[in-house]
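Participant: mind looking at a prediction? Sequence and model below.
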Amino acid sequence: GDSVTQTEGQVALSEEDFLTIHCNYSASGYPALFWYVQYPGEGPQFLFRASRDKEKGSSRGFEATYDKGTTSFHLRKASVQESDSAVYYCALGVSNYNVLYFGSGTKLTVEP
Amino acid sequence: NTKITQSPRYLILGRANKSLECEQHLGHNAMYWYKQSAEKPPELMFLYNLKQLIRNETVPSRFIPECPDSSKLLLHISAVDPEDSAVYFCASSQDYSNSGNTLYFGEGSRLIVV
């Protein structure tokens, strides 16, 4: 079935470190891929999306490139800040319905 | 996010019945209920489009959705179970038929079952 896998459950970094959160998907065709961020006590917030091979999405210094060959959509940021501490979800939009399937989430903690 | 409002924000229930309410001010056609249990990702419960129920995932019958108009969504809960303790998010998107449409989420209603 359609699914998305995030390998890192938790990531701890210091400010100005480089961030990578891995996301791999399993789906037929060209699913839409999303990154959402969730701060404590809030709903998931849309970061960006991509819908076709080699398309890059970006927002607030975060970016990810849709790679159909490796079925990946890894999240990267060159220099994280303490305010980036949150849970990051990779999500998959499939089929004829606009239903999002979320990965398990990655909790990012950035120390000052 | 004041464009999707949910009430109540917190709810403590025994075995009473209660309803969660959601209203979106984005002019979207599709509305969703998602459930997020502790330390888990959100999971779809129901999807409505223009007041019609489109998707109904495997959800206990004690959860009954209602969509009185395209900007409002309700979730009626009866005889809750401890496993129902979670945050319930309302979300909306422009429509339901394109998997690339972005979903926007409300701030959630936290249900605690005692």
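Facilitator: Thanks, I have it.
Participant: find the residue closest to residue B:11 in space, skipping its chain neighbours.
Facilitator: Nearest in space to residue B:11, with sequence neighbours left out and distances taken as Cβ to Cβ, 6 or more residues apart in numbering or on different chains, is residue B:111 at 4.9 Å. (Glycine included, C-beta is placed from N, CA and C.)
Participant: quick check, the one you found in a helix?
Facilitator: No - using DSSP: H, G, I helix; E, B strand; the rest coil, the assignment for residue B:111 is strand, not a helix.
Participant: so what's the residue count around it?
Facilitator: As a burial measure, residue B:111 scores 21 neighbours (other Cβ atoms under 10 Å in any protein chain shown).
Participant: residues touching it, list them.
Facilitator: For residue B:111, the contacting residues are B:11, B:13, B:20, B:77, B:80, B:84-88, by Cβ atoms under 8 Å, 6 or more residues apart in numbering or on different chains.
Participant: please redo it, this time with the cut-off set to 7 Å
Facilitator: Residue B:111 is in contact with B:11, B:13, B:84-86, B:88, counting by Cβ atoms under 7 Å, 6 or more residues apart in numbering or on different chains.
Participant: tell me the least confident of those residues?
Facilitator: Among the contacts of residue B:111, residue B:13 carries the lowest pLDDT, at 83.
Participant: how close does the nearest residue to that one once chain neighbours are set aside get to residue B:6?
Facilitator: Once flanking residues are discounted, residue B:13 sits nearest to residue B:80: 5.1 Å by Cβ to Cβ, 6+ apart. Applying Cβ to Cβ, to the nearest Å, the value for residue B:80 to residue B:6 is 17 Å.
Participant: swap in residue A:47?
Facilitator: Using Cβ to Cβ, residue A:47 is found at 21 Å from residue B:6.
Participant: give me the more crowded residue out of those two.
Facilitator: Neighbour count, other Cβ under 10 Å: between residue A:47 and residue B:6, residue B:6 has more, with 23 against 19.
Participant: and that one, what are its bridge partners?
Facilitator: When assigned by DSSP bridges, residue B:6 has beta-bridge partners residue B:22.
Participant: do I have it right that it meets residue B:106?
Facilitator: Yes - taking Cβ atoms under 7 Å as the definition, residue B:6 is a contact partner of residue B:106 at 4.3 Å.
Participant: any residues in contact with both of these two?
Facilitator: B:22, B:90.
Participant: could I get the buried residue list for stretch A:35-44?
Facilitator: A:35-38, A:42-44 (16 or more other Cβ atoms under 10 Å in any protein chain shown).
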